[in-house]
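Enquirer: Make a model of this:
(2 chains)
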Amino acid sequence: MAKSTRWSVEENNPEHLPICQHKDELVQAVKTSPFLVVTGETGSGKTTQLPQYLCEAGFCKDGKIGITQPRRVAAITVAQRVAQEMQCTLGKEVGYQVRFDDCTSQDTLVKYMTDGCLLREILSDSSLSQYSVVILDEVHERSLNTDILLGLIKKIFSGSSKITRGRSSPLKVVVMSATLETDKLSAFFSDCPVFTIPGRLFPVCCSFGSAVGPKDTESIGYVKEVVKVALDIHGSEPAGDILVFLTGQTEIERACDLLFEKAECIDYRFDVQDQTVDGILILPLYGSMPTDQQRQIFQPPPPGIRKCVVATNIAATSLTINGIKYIVDSGFVKQLNHNSRVGMDILEVVPISQSEAQQRAGRAGRTSIGKCFRIYNKEFWEKCMPEYTIPEIQRTSLTAVILTLKCLGVHDVIRFPYLDCPEERFILEALKQLYQYDAIDRRGKVTHLGELMVEFPLHPSLTRAVLKAAALGCQDLLLPLAAMLSVENIFIRPGLLFSQPEKQKEADEKHSALAAKTGSMNDFARLLSVFQLCKSSDRPSAWCKENWIHWRALKSAFSIETQLREILLRLQQKKDFPVETFDGNKSELFRRCLCTGYFTNVARRSIGKVFCTMDSHGSMVHIHPSSSLFDQEAELNWVIFHDVLVTSRVYIRTVCPIRYEWVKDLLPKLHEVDVYELSSVAREEVTEEEVKRWETKEAAKRPPDVCVEDAMKKLEKRNNETSVSDARARYLQRKQQRNLSKSN
DNA sequence: GAGCACTGC
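Expert: Residues are numbered from 1 along each chain as shown, chains lettered A, B, ... in the order given. Below is the predicted model of the structure:
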């Protein structure tokens, strides 16, 4: 649902916005300072009005005004809104650009875009010569791309010599944020002025509960508690809708079930249209839900009925629901964290930050005074919840970002001006990976291959495989696969609580059948086959429904494949595109290409069903039951995998059998460079001596079998101290508690 | 023998 739907009649008149009284001061502030921080709560009008003020004041004479947003919907809907206010056609004076959708023209003066789009633009025009003003919005959200943009803009436009290079006048930079951390932002841009605009949110009264305390950090017993609180609200509070925050699909389904049970309706099913019981309409909401079901959330409830939406964090920023007066906050969120100790991403349930809790509470104060019921106590707030959310740049794998920076000429990626520095080992690990993919050389310089790789909006491992395939002339196999691996999970598996178990069984059977059709048990081939079968189908959406496949996800895979194909064609027309030949069958060719990118993700069968990864961490892993290779015993000794999931075990998902010979020559590279030796590469201060030392190491390559033994020893040594074990222990604890509360 | 929040190029 578009954000624009929430503006009330009064808000429709921009002259009533708090920002209006400060128009002249704001324009003056932008004129006098190269950098400016503007803060103001939601509803102050800064996103829609400031660009118009600047345009009016003549800032569009020498270039565009560019405004970045972390989300696509926001970029599009705000542009629509501003075009309407400026009484022009969208795409003319006011436009927007997001991936797959460029709605701008020669005449565009005010351009809204996602932060990723501006980052791409800097890659081809580092002086941002088209713009007179760049406004970075929603900076407090600290998205990875916005953080990188902050550093880049500071770096490019702080050195006086570069300010005017390729530009007629100096660039003006405005950074907009909610009221948090503004001092930090001002200090980052050489103590630039801070402009504060009052917000226009209604007060939200927050109360703490007693159900969750510091000891319950990992508990999911809170599902029962949020249900209880929601029913209390329903029984005792005046009219107004309820929004409950939980962490994931399973939890939400369980909470909805409990709500219905308690509201004395036992015959509830997901499919049933009339979901109203005892005056309360219960609606689940999460990202992977079908769009038509999501749409239901936004319809006003029938008269006299109270709406209760049970949602993930999607309702915190991405979607705005009208009429919410009560918030029930579980205090938890599911977060993907990169763990450099084990070199993998781990999805885990963690307490939210205090600022995130305030954000959640704020969802109740958009149209009137609201109430927020936190189910955790004050002690939990103080001891378990960090003041601010850890910025994405400090939690995710940096491989792709570091390559982008290097291609932009930022060689010293450690001393890059980060607003918050990522841990050095995260950066070093990213460098090690880039070196392994041949994207950078031993001195940390970007290679020809690296320059090709940065053009693709994909993880470098996948890009490596795509480029190999292109060199061998089999891009038709790898491009669709890369697109499929870029989108959310395409296999639908209905939950047990809301759907009948037979539906789950049916979905599983359909998915296995798709694997069988390819003739080879290989999850990558299965993905490719789903893409091809659906694309060639007469009625693709019906085909998806029949096979329990997400049509929405597959549609985006189709557009990504087209985009990747265009990028590849453009690169192939340039000189020096590598070309190789290969004799062998198609299946081997496909898998060999994959090996070029995924040799960092190789595992060898150790004992029984246990596999051991061949990277320097040597983790013990199992094949995930959703894999078509699950329980396939025969001759399956070497595999590559796309990703890792830590739950009751460490699982590898999306798996493909390979032959040892295909990775034999690549594996030693995994052990060639010690991460900690790479700090000099990061700074490009490598001495000849160091290069020699590495070369000696390479000469002493160990055969892979020794690697396995070493890896296993290392693993034993780490024993239960590893973070994977921690995550696993926490998972088991949660599961136990869940079962306990179930049986109660 | 299982369960993956949300973005973005």
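Enquirer: you'd agree A:F157 is up against A:L171?
Expert: Yes. Under the criterion of Cβ atoms under 8 Å, A:F157 makes contact with A:L171 at 5.6 Å. C-beta: built from backbone N, CA, C; applies to glycine.
Enquirer: would you list every one of the strands in the stretch 51-200 of chain A?
Expert: A:64-69, A:94-98, A:101-103, A:110-114, A:131-136, A:172-177, A:194-197 (DSSP state E, counting those that start in this stretch).
Enquirer: and if you look at the stretch 301-450 of chain A?
Expert: A:306-311, A:324-329, A:332-339, A:344-351, A:370-376.
Enquirer: To DNA strand B, which of the ones you listed lies closest?
Expert: Nearest to DNA strand B, of all the strands of the stretch 301-450 of chain A, is strand A:332-339, at 3.3 Å by Cβ to the nearest atom of the strand.
Enquirer: what's in contact with that closest one?
Expert: For strand A:332-339, the surrounding residues in contact (Cβ atoms under 8 Å, 6 or more residues apart in numbering) are A:220, A:222, A:246-248, A:312-313, A:344-352, A:356, A:395-397, A:426, A:723-724.
Enquirer: just the buried members of these?
Expert: Burial by neighbour count, 16 or more other Cβ atoms under 10 Å: within the contacts of strand A:332-339 this picks out A:220, A:222, A:246-248, A:312-313, A:344-346, A:348-352, A:356, A:395-397, A:426, A:723-724.
Enquirer: and those residues near DNA strand B, which?
Expert: By Cβ under 7 Å from any atom of the strand, the members of the buried ones among the contacts of strand A:332-339 lying near DNA strand B are A:247-248, A:312-313.
Enquirer: Pick the one among the residues you listed closest to A:M614.
Expert: Lowest distance from A:M614 to those (Cβ to Cβ) belongs to A:G248, with 31.7 Å.
Enquirer: Is the closest one in contact with A:G287, as I believe?
Expert: No. Using Cβ under 8 Å, A:G248 makes no contact with A:G287, being 9.9 Å away.
Enquirer: Tell me how many other residues crowd the one residue in the stretch 601-744 of chain A that gets nearest to DNA strand B.
Expert: Residue nearest to DNA strand B within the stretch 601-744 of chain A (Cβ to the nearest atom of the strand): A:T647, separated by 2.9 Å. Neighbour count for A:T647, taken as other Cβ atoms under 10 Å: 16.
Enquirer: For the longest helix that chain A contains, output the C-alpha coordinates as PDB.
Expert: The longest helix of chain A (DSSP state H) is helix A:551-573. Extracted in PDB, the C-alpha atoms of helix A:551-573 (Å, rounded to 0.1, in the frame of the first residue of the first chain):
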ATOM      1  CA  TRP A 551       4.600 -16.200  -8.700                       C
ATOM      2  CA  ARG A 552       5.600 -12.700  -7.300                       C
ATOM      3  CA  ALA A 553       9.200 -13.900  -6.700                       C
ATOM      4  CA  LEU A 554       9.400 -15.600 -10.000                       C
ATOM      5  CA  LYS A 555       8.200 -12.500 -11.800                       C
ATOM      6  CA  SER A 556      11.000 -10.500 -10.200                       C
ATOM      7  CA  ALA A 557      13.500 -13.300 -11.200                       C
ATOM      8  CA  PHE A 558      12.400 -12.700 -14.800                       C
ATOM      9  CA  SER A 559      13.100  -9.000 -14.700                       C
ATOM     10  CA  ILE A 560      16.400  -9.600 -12.900                       C
ATOM     11  CA  GLU A 561      17.500 -12.100 -15.600                       C
ATOM     12  CA  THR A 562      16.700  -9.500 -18.300                       C
ATOM     13  CA  GLN A 563      18.700  -6.900 -16.500                       C
ATOM     14  CA  LEU A 564      21.700  -9.200 -16.000                       C
ATOM     15  CA  ARG A 565      21.600 -10.200 -19.700                       C
ATOM     16  CA  GLU A 566      21.700  -6.500 -20.700                       C
ATOM     17  CA  ILE A 567      24.700  -5.800 -18.400                       C
ATOM     18  CA  LEU A 568      26.500  -8.800 -19.800                       C
ATOM     19  CA  LEU A 569      25.900  -7.800 -23.400                       C
ATOM     20  CA  ARG A 570      27.200  -4.300 -22.700                       C
ATOM     21  CA  LEU A 571      30.400  -5.700 -21.200                       C
ATOM     22  CA  GLN A 572      30.900  -8.300 -24.000                       C
ATOM     23  CA  GLN A 573      30.900  -5.500 -26.500                       C
END
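Enquirer: Mean confidence (pLDDT) on it, please.
Expert: Computed over helix A:551-573, the mean pLDDT rounds to 91.
Enquirer: Contacts for that helix next, please.
Expert: Residues contacting helix A:551-573 (Cβ under 8 Å, 6+ apart): A:99-100, A:290-291, A:452, A:455-458, A:466, A:470, A:475, A:479-480, A:482-484, A:486-490, A:530-531, A:534-535, A:540-541, A:544-545, A:577.
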